[in-house]
Structure formats: structure tokens, C-alpha cells
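# My questions are about this predicted structure, shown below with the sequence.
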Amino acid sequence: MKPTDKAGMKYTNQRVEILAFLREHDGHPTVDEVYDGVRQKLTRISKATVYKNLKFLTEKGLLEEVNVKGVSRFEANFIPHHHLICRECGSMEDFNSEQLLDYSMKIAEEIEGFTIVSTSTNFYGICKKCKESKKSEEPKKSGESEDEI
Ligand SMILES: [Zn+2]
Ligand SMILES: [Zn+2]
């Protein structure tokens, strides 16, 4: 095997591992999370390499990059779906609704001069985790007196 082939194999392997990680982790991991994940197998991979490969795979149409609160997240799920985005922690969850997809596409058909191929709706709010941690942070108002002036 020529050295160039070897190098080529190495890059392919990195991309395969990155893709595999994203297919297993559908929570839209960030570059850091992908790096932490693939480092378990590719111990010598650098974060810059992970980033470069993520960009490459996105350009090739094998990944989708989504930006939440200025942070790039990646996913390998190309089935049209919607997202629930937490305004507090920036987490992102898939949300599936056939009804919403159908409805969006129906509206899209009426848009003139623009051909729609897919649709995705983002719902912004507060996730369960953040809601629960907020609740426990809030000091319990003990015995609010009604005779306060
Ligand atoms: Zn949250
Ligand atoms: Zn998604």
C-alpha cells in the first residue's frame, strides 16, 4: 500500500467514526461533544480535525449543521422534522409532527416563485431539565402574610 493510500484511509476512518457517532447520538451534538465521543476510539484525533471533518461532511450533504444560540450543532437525521430548542441551555430535541409537516408544505405550495423542498419549524422554550432546576433554585416563599402593607 502506498503511503498516500494509507493517509486516505485514515481520513476516511475519521469520517466514518464521526458519522457513526452522529447517527448514534441524535441529540444534535456540538463540536466539543463529537470530539469527546470520537476520541474514545480515535485517541489521537484533534479537535481541529473533528471540526474540519464535520464541515466537510456538512458540505458533502451527509450532515446538517444547525446553529443554536451561536453554537454549531450537527445531526445526521435527514428525515424532515421539527426542533424544540431550549432558550436557557441551548439544548435541541427532535420533534415529529406529520400534521405540521403536511400543513407547512401545503402553505409552501402557495408561495410563488420559490420551490420548496423541505420544511422545519423551531419551537423555542424552556426544557424539562432547566424548568426543574429553576424550580429547585427558587426559594420557597414560606407563609406569605396577607397583612403586608
Ligand atoms: Zn434547557
Ligand atoms: Zn434534529
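Perfect, thanks for sending it. If you're wondering where the values come from, they're calculated on a predicted model, not measured in any experiment. Numbering: from 1, shown residues only. Ligands and ions are numbered 1, 2, ... in the order given.
# Can you pull the poorly scored residue ranges out of this protein?
Flagging of the chain using pLDDT under 70 yields the residue ranges 1-11, 138-149.
# which bits of it sit near ligand 2?
The chain comes close to ligand 2 at residues Glu75, Asp94, as judged by Cβ under 5 Å from the ion. For the C-beta atoms, the positions are set from N, CA and C on the backbone; glycine is no exception.
# Can you give me the domain assignment for the chain?
What automatic domain parsing lists as the domains of the chain is 1-77, 79-138.
# Report the central residue of this structure.
His28 (2.4 Å; Cα atoms, centre = their mean).
# deepest of the domains of the chain, which one?
Comparing the domains of the chain by mean neighbour count (mean count of other Cβ atoms under 10 Å), domain 1-77 ranks first with a mean of 15.
# before we move on, back to that, which SSE is the residue nearest to the centre of the chain in?
Under DSSP states H and E, no helix or strand contains His28.
# for Asn53, same thing?
helix 47-59.
# Name the SS class of the closest residue to Phe56 other than its chain neighbours, please.
Distances taken as Cβ to Cβ, 6 or more residues apart in numbering place Arg15 nearest to Phe56, at 7.2 Å, with adjacent residues excluded. When classified by DSSP: H, G, I helix; E, B strand; the rest coil, Arg15 comes out as helix.
# how near is Met105 to Phe21?
Applying Cβ to Cβ, to the nearest Å, the value for Met105 to Phe21 is 31 Å.
# same question, Ile45
11 Å.
# phi, psi of Lys41?
Main-chain dihedrals, Lys41, degrees, to the nearest 10: phi -100, psi -40.
# Surely the residue nearest to the centre of the chain touches Phe74?
Yes. Contact criterion Cβ atoms under 8 Å: His28 and Phe74 qualify, at 6.7 Å.
# intersection of neighbour lists for those two?
Residues touching both His28 and Phe74 (Cβ atoms under 8 Å, 6 or more residues apart in numbering) are Val66.
# coming back round to it: following the helix holding Asn53, which helix or strand comes up?
Beyond helix 47-59 in the direction of the C-terminus, DSSP H and E gives the next helix or strand as strand 64-68.
# That concludes my questions; thank you for your assistance.
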